[in-house]
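Asker: Here is the input, now give the coordinates:
(one chain, ligands or ions: 2)
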Amino acid sequence: VFIILTTAHDPLTVNVGFSILAGITTWSAIPALSEIFLKAGLKGMDLSKRTKHIIPECMGMVAGLIYLVTMFMFIPFPFMTWFTASNDGDHQELKLLTFPNLKLAELLSALLSIQSMVFLGFADDVLDIRWRFKMPLPAIASIPLLMAYWVHLGVTYIVVPIPLRPILGQLIDLGPLYYVYMGMVAIFCTHSINIMAGINGVEVGQSLVIACSIAINDMIFIQSASSGAPAIETHLFSLYFILPFIGVSLGLLIHNWYPSKVFIGDTYCYFAGMTFAVVGILAHYSKTLLLFFIPQIFNFLLSAPQLFRLIPCPRHRVPRYNRQTNLMEPSRVVLDEEEDLEPDFSNSKLDSKLGNRQGVLGRSASSVSLSSAGATAPDADESHTKPSSSAIGESNNLLLTTTTLLQDFRPLKNSKLKRSGWYCVKILETLGLTHVRYDAKTGKRPLEMTNLTILNLILLKTGPISERNLTISVMVVQFCCSMVAFFIRHRLVAFVYDV
Ligand code: UD1
Ligand code: MG
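Answerer: Ligands and ions are numbered 1, 2, ... in the order given. Below you'll find the model as predicted:
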């Protein structure tokens with residue numbers, strides 16, 4: 001690393017050297033700091049182990065700080081040409097005239113945004129900030145970045161895909177809406193990593209796959225662009241940010257991999273998300289960036305009914321650890337108490353039920369629980385009793401068939417689920433995205449369902465697997481989605497854009 005740093009002439013090589021150094025420093029600093037974090041009360045319980053041991057949490061802080069120090073030390077290198085120019089009067093003047101002030105402003109504002117998110121993540125780890133308050137904060141942290149974008153690039157138009165051009169024209173100028181969109185990208189990138197979390201190594205694992213995909217994409221662009229093209233500069237800029245991130249993440253993953261010796265905390269999730277948002281925004285490829293977030297987009301859409309409280313959302317939705325088998329199983333959320341209420345589905349009352357919200361109770365806090373917190377897991381096959389459809393087969397009466405199907409999708413009068421939540425449960429179950437356990441007696445009342453996360457969905461499809469294999473599965477899914485993203489961005493794009 002020393003040789004690279006002393007002999008390197010171009011900033012990218014120096015950046016590679018710094019990234020290796022940052023990785024080694026993170027790897028060696030974490031064990032040294034673990035005790036200090038434990039003493040400071042920055043610790044968490046590993047939920048998916050036989051013996052519930054406490055390990056240091058918030059180690060993303062160490063990775064984030066080493067990353068920031070590395071980037072601060074790197075700041076002069078992209079501007080070395082101006083530092084090394086001779087100091088005579090003419091050159092001094094030329095230096096002042098040609099120095100890329102806007103580029104420096106971009107670099108500094110990007111670091112300010114990342115630093116703000118590291119700080120917010122740390123505050124969240126320490127204070128457990130409520131979702132409604134922390135949700136918009138990444139957009140606020142991205143304001144310095146958006147300001148630099150406005151001054152330097154200021155591009156607010158999007159290129160319309162070829163098939164839509166006869167209607168919309170070649171370009172659409174979104175104006176201020178473009179800045180709103182970029183603020184939303186920052187919110188999405190940070191929180192989407194934080195909600196795809198909770199098993200050893202999964203947060204850092206997914207971030208590493210995304211970061212490597214971004215780096216490869218940058219290299220493809222730099223290789224294929226003609227020399228001097230503006231794309232080279234923006235993609236180089238992206239690489240300067242992403243390579244040290246890969247370095248510190250690798251150093252962190254060694255300690256966070258199963259069985260974890262440290263947790264990374266919300267600090268790392270926010271730090272990672274903001275770093276991705278920064279490169280996506282400043283290198284002007286936020287759409288390509290979102291392609292690398294396909295699993296996170298899916299996980300967010302799947303989680304939406306719980307995040308927006310249509311369905312109860314427990315504090316932890318991580319898969320349930322089965323102590324007997326040492327394997328992970330989907331965790332469940334309680335929807336209703338097991339009671340002996342017979343639902344009334346007589347045809348005469350169907351219409352009145354449609355408009356009747358009476359008895360459809362809101363969510364009570366006590367109805368929310370997590371199976372992994374101690375409740376016994378229901379036996380999937382025995383307990384899943386779907387509403388009987390034998391009557392449909394026996395009768396050819398179309399009206400009866402329709403009515404029965406309607407009944408199946410009709411909220412129960414005394415269910416604790418709201419009507420909208422009831423429809424969500426039914427639709428998700430029909431799509432095979434959740435497993436619902438019904439009241440054994442009537443077979444109609446949903447009592448429990450698996451939590452709506454990609455981790456639980458993978459377990460539903462694969463059956464119980466170990467925590468380590470679940471993390472590997474998520475990384476494989478992320479890798480496959482990156483392959484799809486590359487195919488869309490570099491092959492399919494020719495059908496919709498002129499490239
Ligand atoms: C988010 C998720 C929550 C999930 C949690 C796990 C939403 C809305 N929130 O909440 O469902 O349970 O992340 O991080 O989807 N932990 C482990 N093993 C690990 C990592 C974490 O057991 O490998 C546990 C530890 O007890 C740790 C805790 O998760 O203390 C951290 O949870 P935290 O990051 O505070 O949860 P949220 O981000 O609020
Ligand atoms: Mg978290």
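Asker: Point out where the stretch 201-350 of the chain drops to low pLDDT.
Answerer: Applying pLDDT under 70 to the stretch 201-350 of the chain flags the ranges 227-228, 339-350.
Asker: For it, which segments count as strands?
Answerer: 320-322, 327-329, 332-334 (DSSP state E, counting those that start in this stretch).
Asker: Please name whichever of the ones you listed is nearest to residue 166.
Answerer: strand 332-334 (47.8 Å; C-beta to C-beta). For every residue, glycine as well, the C-beta is placed using N, CA and C.
Asker: Help me see whether the longest helix seen in the chain makes contact with ligand 1, please.
Answerer: Secondary structure of the chain per DSSP state H: the longest helix is helix 11-39. No: figure legend: helix 11-39 not in contact with ligand 1 (C-beta under 6 Å from any ligand atom); closest approach 12.3 Å.
Asker: burial count for residue 40?
Answerer: 12 (other C-beta atoms under 10 Å).
Asker: any idea how far it is from residue 484?
Answerer: Going from residue 40 to residue 484 by C-beta to C-beta, to the nearest Å gives 43 Å.
Asker: what's the answer for residue 53, then?
Answerer: For residue 53 relative to residue 484 (C-beta to C-beta), the value is 39 Å.
Asker: Also residue 257?
Answerer: Counting by C-beta to C-beta - residue 257 and residue 484 are separated by 26 Å.
Asker: again with residue 155
Answerer: For residue 155, the distance to residue 484 - C-beta to C-beta - is 27 Å.
Asker: where's the residue nearest to residue 171 when sequence neighbours are not counted relative to ligand 2, distance?
Answerer: Among residues not flanking residue 171 along the chain, residue 157 sits closest, at 4.5 Å (C-beta to C-beta, 6 or more residues apart in numbering). Going from residue 157 to ligand 2 by C-beta to the ion, to the nearest Å gives 36 Å.
Asker: Surely residue 157 touches residue 169?
Answerer: No: assessed by C-beta atoms under 8 Å, residue 157 is found out of contact with residue 169, at 10.3 Å.
Asker: out of the two, which sits in the busier spot?
Answerer: residue 157 (12 against 9).
Asker: Bridged to that one, which residues?
Answerer: Beta-bridge pairing of residue 157 under DSSP bridges involves residue 173.
Asker: how close does it get to residue 443?
Answerer: Residue 157 is 55 Å from residue 443, by C-beta to C-beta.
Asker: and if you look at residue 46?
Answerer: 38 Å.
Asker: Those two: who's more crowded?
Answerer: residue 46 (19 against 12).
Asker: How about the contacts made by that one?
Answerer: Contact partners of residue 46, counting by C-beta atoms under 8 Å, 6 or more residues apart in numbering, are 52, 53, 54, 55, 200, 259, 260, 263.
Asker: Could you rerun that using 10 Å?
Answerer: 52-55, 199-200, 258-261, 263, 321, 467 (C-beta atoms under 10 Å, 6 or more residues apart in numbering).
Asker: rewinding a little: in CSV, list the strands of the stretch 201-350 of the chain along with mean neighbour count.
Answerer: Output for the strands of the stretch 201-350 of the chain, formatted as CSV (neighbours: other C-beta atoms under 10 Å):
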stretch, mean neighbour count
strand 320-322, 20
strand 327-329, 22
strand 332-334, 23
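Asker: so can I have a markdown table of those showing distance to ligand 2?
Answerer: Shown next, in a markdown table, are the strands of the stretch 201-350 of the chain (distance: least, C-beta to the ion, whole Å):
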| stretch | distance to ligand 2 |
| --- | --- |
| strand 320-322 | 18 |
| strand 327-329 | 18 |
| strand 332-334 | 18 |
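Asker: Roughly how far does the residue nearest to residue 417 when sequence neighbours are not counted sit from residue 439?
Answerer: Distances taken as C-beta to C-beta, 6+ apart put residue 335 closest to residue 417, at 5.6 Å, once the chain neighbours are dropped. Per C-beta to C-beta, residue 335 is found 10 Å from residue 439.
Asker: what is in contact with the two at once?
Answerer: With C-beta under 10 Å, 6+ apart, residue 335 and residue 439 have common neighbours 445, 446, 447.
Asker: what helix or strand is the last one on?
Answerer: When secondary structure is defined using DSSP states H and E, the element that contains residue 447 is strand 446-450.
Asker: which residues sit in contact with residue 456?
Answerer: Counting by C-beta under 10 Å, 6+ apart, residue 456 has contacts 302, 317-320, 328-332, 433-435, 449-450, 470.
Asker: Can you pick out the most distant pair from those?
Answerer: Across those (C-beta to C-beta), the longest gap, 19.5 Å, separates 449 and 470.
Asker: Nearest to ligand 1: which residue in the chain?
Answerer: Of all residues in the chain, residue 44 sits closest to ligand 1, at 2.4 Å by C-beta to the nearest ligand atom.
Asker: For this protein, which residues are neighbours of ligand 2?
Answerer: Counting by C-beta under 5 Å from the ion, the residues of the chain close to ligand 2 are 194, 266.
Asker: how about 6 Å then?
Answerer: 194, 197, 266, 269 (C-beta under 6 Å from the ion).
Asker: Quick check: phi and psi on the second one?
Answerer: According to degrees, to the nearest 10, the main-chain angles of residue 197 amount to phi -140, psi 180.
Asker: which residue packs closest to it, ignoring adjacent ones?
Answerer: That would be residue 203: by C-beta to C-beta, 6+ apart, it lies 4.8 Å from residue 197.
Asker: Might you report the residue contacts of that neighbour?
Answerer: By C-beta under 10 Å, 6+ apart, the neighbours of residue 203 are 60, 193-194, 196-197, 249, 252-253, 256, 263-266, 268-269, 272, 471, 474.
Asker: how near is it to residue 61?
Answerer: 14 Å.
Asker: so what sits against both of the two?
Answerer: With C-beta under 10 Å, 6+ apart as the test, residue 203 and residue 61 both reach 264, 265, 268.
Asker: Leaving out chain neighbours, which residue sits closest to the last one?
Answerer: Spatially, and ignoring its direct neighbours in sequence, residue 268 is nearest to residue 60 (2.5 Å; C-beta to C-beta, 6+ apart).
Asker: Repeat that for residue 25.
Answerer: residue 66 (5.3 Å).
Asker: Show the contacting residues for that neighbour.
Answerer: 21-27, 29-30, 244, 247-248, 251-252.
Asker: same thing with residue 222?
Answerer: Here residue 222 is in contact with 12, 229, 231, 232, 233, 234, 235, 236, 238, 239 (criterion: C-beta under 10 Å, 6+ apart).
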